[in-house]
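> Need coordinates for the following:
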Amino acid sequence: MVDLCIYNISNLYTMNPMFSSAENPLGKIENAAIAFQNHKIVFVGSTKDAPSADSTLDADQCIMMPGLVDCHTHAFYGGSRSTEFAARLAGVSYAEILEAGGGIHSTVRATRNGSEAVLLQSYKERLTQMIHKGVTTVEVKGGYGLSTESELRAHRLIKTHGLPISTVGTFLAHTIPVEWQNRRAAFVDNIINEQLPACREWIVAADVYCDRGAFTLDESIEILGAAQAMGLKIRAHAEQVTHTGIGAAASKMGATTVDHLERCTEEDVAIFAENGTVATLLPGAQLFLKDAPPPTALLREAGIPMAVATDLNPGSSPIHDLWTCATLSCLLQGLTIPEAILGITRHAGQALGYDNLGWLGDGSASDCILLRPPPGEPPIIESVIQHIGAKKIAMVAKNARIMSINTQLQKGWSDQSKPR
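Numbers count the residues shown, from 1 in each chain. Next up is the predicted model:
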């Protein structure tokens, strides 16, 4: 007898390599069941082989898959950049806005000046929206404070929201703030010797924005090296606006992921493959900046795992829905549907350096979701990706605890206790 068994799942996409093959890349099991004991997965397989359980849930006509992992977001920020969106529509580039004191700088001012209560409330609302769309783990970067006091406050709030979603805190060296523009070396020193140590207890990784208007290659390597010496995982915003070489450099240093990659080269890709680096693709930024896609075919040919993330931020990718980005990765960047789904599950977990995320089976996290397909569509992942905004998240479970459940699905729930 186990604690919970969800059965009659029309299609369970495990993302588990043990169930996967060339013909079945997502490890799909039809008419499936999954069982949990002490918040751990103890069974994945056919409904006919499912164990008896104290509580059961009939998931007929539903899709099950691991909880989604959004592995690159800037979800903690203050203020609005809607007027800059209008300027970009009129032809002003993102880099030009940044260099004129807007972009990141305007959000820095709003975040520094925002009250803790207001910042936390808007941040929690963003996280709540993610939960209801099936995200169970999200990486959240700082980088809109750019001072020790403001970054420390941001990272403390990023981790202490109290919601049923795992947040992976990442320190981001985002750009040189206005007051340090003529003292770049001193600001790099400030990051290394003051900001990073102050934030260390709240973060697990460090990132750097190496590009036009932000940090140079040498500055970026120095910051990432210092973070690595502190025991932090490292990653980088790489080759987005201009090619800087940070993608290859960060990969050689052991970065778990390099992100954006619109302008990465064949030589870069070979280095990623050599070092086992994940490539995180951000189609929202490509869409909003009207940019070219990364070299998806080269990444695929080299066997590099491709993650997909929202890059949620108030300027260049104000997209709050990871499902939309999965669809966009297919339409704008040439990913296949299985690549897009792996990109928001198992490969996204790998990008964060966590091998237990984004798949279901022995040794995985006990995070899973149930979906109902768009109206009139079969319960298959292809219909979920094709249709934007029409799917319904029927259930979200975090650590095998049901956090939300659709009222129709509730009829098949044998335990009368309320979901958390």
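> Please count neighbours and contacts with C-alpha atoms only from this point.
OK.
> got a pLDDT number for L335?
L335 carries a pLDDT value of 98.
> sorry, that was for L409
65.
> same check, this time on E96
Reading off the confidence values, E96 has pLDDT 83.
> As a check, name the ranges of all strands in the stretch 301-420 of the chain.
306-308, 368-372, 392-398, 401-405 (DSSP state E, counting those that start in this stretch).
> Could you identify which of the ones you listed is most buried?
strand 306-308 (a mean of 31; mean count of other C-alpha atoms under 10 Å).
> Domain map for this structure?
2-67+360-410, 69-351 (automatic domain parsing).
> helices and strands of this protein: which one has the lowest mean pLDDT?
helix 407-410 (a mean of 61; mean pLDDT, DSSP states H and E).
> Quick check: buried residues in stretch 182-194?
Within stretch 182-194, the residues that qualify as buried by neighbour count (16 or more other C-alpha atoms under 10 Å) are 184, 187-188, 191-192.
> Just confirm V138 is within a strand.
Yes - the assignment for V138 by DSSP: H, G, I helix; E, B strand; the rest coil puts it in a strand.
> Please give me every residue in contact with it.
Contact analysis of V138 by C-alpha atoms under 8 Å, 6 or more residues apart in numbering lists 69-73, 165-168.
> Repeat the analysis, applying 10 Å as the threshold.
By C-alpha atoms under 10 Å, 6 or more residues apart in numbering, the residues touching V138 are 68-73, 75, 127, 130-131, 165-169, 309, 348-349, 352.
> Could you work out the most separated pair of the buried residues of stretch 182-194?
Checked with C-alpha to C-alpha, those reach their widest spread between R184 and I192, with 12.6 Å between them.
> for R109, helix, strand, or coil?
Of the three states, R109 takes helix according to three-state DSSP.
> Tell me who's in contact with it.
R109 touches 78-79, 102, 144-146, 177, counting by C-alpha under 10 Å, 6+ apart.
> Out of the residues you listed, which comes closest to N24?
The closest of the contacts of R109 to N24 turns out to be Y144 (C-alpha to C-alpha; 42.1 Å).
> Next step: the contacts of V138 restricted to helices.
Secondary structure assignment by DSSP state H places 127, 130-131, 348-349 of the contacts of V138 in helices.
> among those residues, who's most crowded?
A348 (33 neighbours; other C-alpha atoms under 10 Å).
> Please list the residues outside stretch 209-217 that contact it.
By C-alpha under 10 Å, 6+ apart, stretch 209-217 touches 95-96, 98-99, 104, 143, 172-177, 184, 188, 208, 218-223, 235-247, 249-250, 259.
> Quick one: the strands in the stretch 51-200 of the chain, in order.
Per DSSP E, counting those that start in this stretch, the stretch 51-200 of the chain carries strands over the ranges 53-58, 63-66, 68-70, 135-141, 166-173.
> looking at those strands, which is buried most?
Of all the strands of the stretch 51-200 of the chain, strand 68-70 has the most neighbours on average by mean count of other C-alpha under 10 Å, namely a mean of 31.
> Report all helices and strands that that one contacts.
Under the contact criterion of 3 or more C-alpha pairs under 10 Å, 6 or more residues apart in numbering; DSSP states H and E, strand 68-70 touches helix 116-132, strand 135-141, strand 166-173, strand 306-308, helix 322-333, helix 337-343, helix 346-351.
> who does that strand pair up with?
Strand pairing for strand 68-70, determined by DSSP bridges: strand 135-141 (parallel).
> and the angle from the strand it pairs with to helix 116-132?
Interaxial angle, strand 135-141 versus helix 116-132 (axes from the mean of the first three to the mean of the last three C-alpha atoms, to 10 degrees): 140 degrees.
> tell me the angle the longest strand anywhere in the chain makes with strand 401-405.
In the chain, with assignment by DSSP state E, the single longest strand is strand 2-13. For strand 2-13 against strand 401-405, the angle by the same axes, to 10 degrees is 60 degrees.
> downstream neighbour of strand 2-13 in the secondary structure list?
Counting by DSSP states H and E, the next helix or strand C-terminal to strand 2-13 is strand 28-37.
> What is that following strand packed up against?
Counting contacts by 3+ C-alpha pairs under 10 Å, 6+ apart, strand 28-37 is packed against strand 2-13, strand 40-46, strand 53-58, strand 63-66.
> one more time with 7 Å, if that's ok
Applying 3 or more C-alpha pairs under 7 Å, 6 or more residues apart in numbering; DSSP states H and E, we find strand 28-37 packed against strand 2-13, strand 40-46.
> Tabulate the CA atom coordinates of the first one in CSV.
To tie it back to what came earlier, the one meant is strand 2-13. Extracted in CSV, the C-alpha atoms of strand 2-13 (Å, rounded to 0.1, in the frame of the first residue of the first chain):
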residue,chain,number,x,y,z
VAL,A,2,1.5,3.4,-1.1
ASP,A,3,0.4,6.9,-0.2
LEU,A,4,-0.8,8.1,-3.5
CYS,A,5,-1.4,6.5,-7.0
ILE,A,6,-2.4,8.5,-10.0
TYR,A,7,-3.7,6.1,-12.6
ASN,A,8,-5.4,5.9,-16.0
ILE,A,9,-3.1,8.6,-17.3
SER,A,10,-3.7,8.7,-21.1
ASN,A,11,-0.1,9.6,-21.9
LEU,A,12,2.7,9.9,-19.3
TYR,A,13,5.8,11.6,-20.7
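> List the pairing partners of it within its sheet, with orientation.
Partners of strand 2-13 in its sheet, by DSSP bridges: strand 28-37 (antiparallel), strand 53-58 (parallel), strand 63-66 (parallel).
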